[in-house]
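[1] Sequence plus the predicted model coming up.
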Amino acid sequence: MAVLNDEQEMLRDMAREWTRNEHPVSAWRSVRDSGEPFDAEAWGAMGEMGWAGIVIPEEHGGTDFGWLSLGLVVEEMGKTLAASPLIASALAASAIVLGGSEEQKSSYLPRLATGDLIGTLAFDEGPRHTGLEASTSVHNGRLTGTKAFVHEASRAGLFVVLAQDGVYLVEKGKGISLSKRHLADMRDHAEVDFNDAPAQKLADGGSDLAQKILDRARVLTAAEMLGMCQAVFDTTLDYLKQRVQFNQVLSSFQALQHRMADLYTELELTRSAVEGGLQAIDTGFAVTEAGLLAKARANDALHLISKEGVQLHGGIGMTDEYDVGFYLKRARVLEAAWGSSGHLRDAYASMKAY
């Protein structure tokens, strides 16, 4: 487990208390039933607490607490399935921090730091993540192409778009149309069509700017998945300790104890990989390798833990009355985001992080 400083411990504890008290899983149920992508009031509270600006420099309105700090917040949000554009917007902000001009930073980062502006990444063009490949093109400052899978698209005011010759910023407006995607997790996803949309290139991040952005997307998504793993494990363990069958508490059966011990091992391995990925970004050491490892480990662990959690709850695990099924549905979407386990392992083995 990572060693935290006082500020990080305070931030983690604040996030834990807020998500438990103000945005538990029941709040996600309310968001789902409302048909809205997220609770706007809760997002405003996150902005007031400074969460949207954790990786934004102080001179542009952020706190610059670093990626491990942001990961701690995202993990706590994953535990309660809190629906918000925090991950997507933080990744958009990081793209500008990494590759934006001073004018672009001054224009967008202060609004992203407060949450007044929501950003998101528009990278993938096919039914699954295949790497940093784009047919999207830009001519005379106008961007044209289709991005098949964009998180938090409906409320985003700024898109960070991967094109053939680099990464561009596109503000929502003329030349952009969205088609909502209905996925198992009931979150905000869309296909986005760009048709001669005005675009600004991020030119200061070097030739590997897109890779740097992708690395951060993988690690931050893995942090959310880690929180989900922990929540499903804790919920399942509590259930086994109180559910009685054959006049015995389920947790007394040795076979179930062994299964939970295996899940705990998976959980702790994932924690090590995710925290290692966050620390790698903060230090700038082997970031791509750490990102591949963290996301692959989170994919495997959450797939197993979410499946086992539903099964160990028995038939009620499949009902809407119990929360554990929500984690399985969200898990299947996140597993596909930014690379499946097979894709990530191939990239790691060849050290080509597509």
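    That came through fine.
[2] Which helix or which strand is home to residue 105?
    helix 102-114 (DSSP states H and E).
[3] what separates that helix from the chain centre, distance-wise?
    Counting by C-alpha atoms, centre = their mean, to the nearest Å, helix 102-114 is centred 21 Å from the centre of its parent chain.
[4] contacts for that helix?
    47, 50, 52-53, 56-57, 60-62, 89, 92-93, 96-97, 100, 117-119, 158, 169, 200, 202 (C-beta atoms under 8 Å, 6 or more residues apart in numbering). For the C-beta atoms, the positions are set from N, CA and C on the backbone; glycine is no exception.
[5] Output the lowest mean pLDDT helix or strand found in this structure.
    strand 244-245 (a mean of 84; mean pLDDT, DSSP states H and E).
[6] quick one on the thing from earlier: can you point out the buried residues in the helix holding residue 105?
    104, 105, 107, 108, 109, 110, 111, 112, 113, 114 (16 or more other C-beta atoms under 10 Å).
[7] ok, back up a step: summarise which helices and strands the following helix or strand past the least confident helix or strand of the chain is packed against.
    Using DSSP H and E, the helix or strand that follows strand 244-245 in sequence is strand 248-249. In terms of contacts (3 or more C-beta pairs under 8 Å, 6 or more residues apart in numbering; DSSP states H and E), strand 248-249 is packed against helix 209-242.
[8] buried sites along the helix it packs on?
    209-233, 235-237, 239-240.
[9] and the spatially most central residue of the chain, what is it in contact with?
    The chain has residue 221 as the residue nearest its centroid, 3.2 Å off, counting by C-alpha atoms, centre = their mean. By C-beta under 8 Å, 6+ apart, the contact set of residue 221 is 87, 295, 298, 334, 337, 338.
[10] what about the first one, how many neighbours?
    Okay, so that is residue 87. 24 (other C-beta atoms under 10 Å).
[11] secondary structure class for it?
    Assigned by DSSP: H, G, I helix; E, B strand; the rest coil, the conformation of residue 87 is helix.
[12] CA atoms only for the strand or helix carrying residue 11, dumped as PDB, please.
    Assigned by DSSP H and E, residue 11 falls within helix 6-22. Output of helix 6-22 as PDB, limited to C-alpha atoms (Å, rounded to 0.1, in the frame of the first residue of the first chain):
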ATOM      1  CA  ASP A   6      -1.000  14.200   5.600                       C
ATOM      2  CA  GLU A   7      -2.700  16.000   2.700                       C
ATOM      3  CA  GLN A   8      -3.400  12.800   0.800                       C
ATOM      4  CA  GLU A   9      -4.800  11.100   3.900                       C
ATOM      5  CA  MET A  10      -7.100  14.100   4.600                       C
ATOM      6  CA  LEU A  11      -8.200  14.100   0.900                       C
ATOM      7  CA  ARG A  12      -8.900  10.300   1.000                       C
ATOM      8  CA  ASP A  13     -10.900  10.600   4.200                       C
ATOM      9  CA  MET A  14     -12.900  13.500   3.000                       C
ATOM     10  CA  ALA A  15     -13.700  11.600  -0.200                       C
ATOM     11  CA  ARG A  16     -14.700   8.500   1.800                       C
ATOM     12  CA  GLU A  17     -17.000  10.400   4.100                       C
ATOM     13  CA  TRP A  18     -18.600  12.300   1.300                       C
ATOM     14  CA  THR A  19     -19.300   9.400  -0.900                       C
ATOM     15  CA  ARG A  20     -20.700   7.300   1.900                       C
ATOM     16  CA  ASN A  21     -22.900  10.000   3.300                       C
ATOM     17  CA  GLU A  22     -23.800  12.200   0.300                       C
END
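[13] switch to numbering from 36
    Will do, 36 is the new start, and the previous item becomes helix 41-57.
[14] Which parts of it count as buried, going by neighbours?
    Here helix 41-57 shows 43, 46, 47, 49, 50, 51, 53, 54 as buried, counting by 16+ other C-beta under 10 Å.
[15] part of a helix, is residue 39?
    No. Under three-state DSSP, residue 39 falls outside any helix and is assigned coil.
[16] Could you name the helices and strands sitting against the host helix or strand of residue 317?
    Element membership for residue 317 (DSSP H and E) is helix 289-318. Judged by 3+ C-beta pairs under 8 Å, 6+ apart, helix 289-318 is in contact with helix 102-114, helix 244-277, helix 322-347.
[17] need these in CSV with mean pLDDT, can you?
    Formatted as CSV, the helices and strands packed on helix 289-318 follow (pLDDT from 0 to 100):
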stretch, mean pLDDT
helix 102-114, 98
helix 244-277, 97
helix 322-347, 97
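[18] Nearest to residue 186, out of those helices?
    For the helices and strands packed on helix 289-318, proximity to residue 186 was assessed by C-beta to C-beta; helix 244-277 is nearest, at 9.2 Å.
[19] mind checking how far the closest one is from the chain centre?
    In terms of C-alpha atoms, centre = their mean, the centre of helix 244-277 is found 9 Å from the chain centre.
[20] go on, stretch 272-283?
    Worked out by C-alpha atoms, centre = their mean, stretch 272-283 lies 34 Å from the chain centre.
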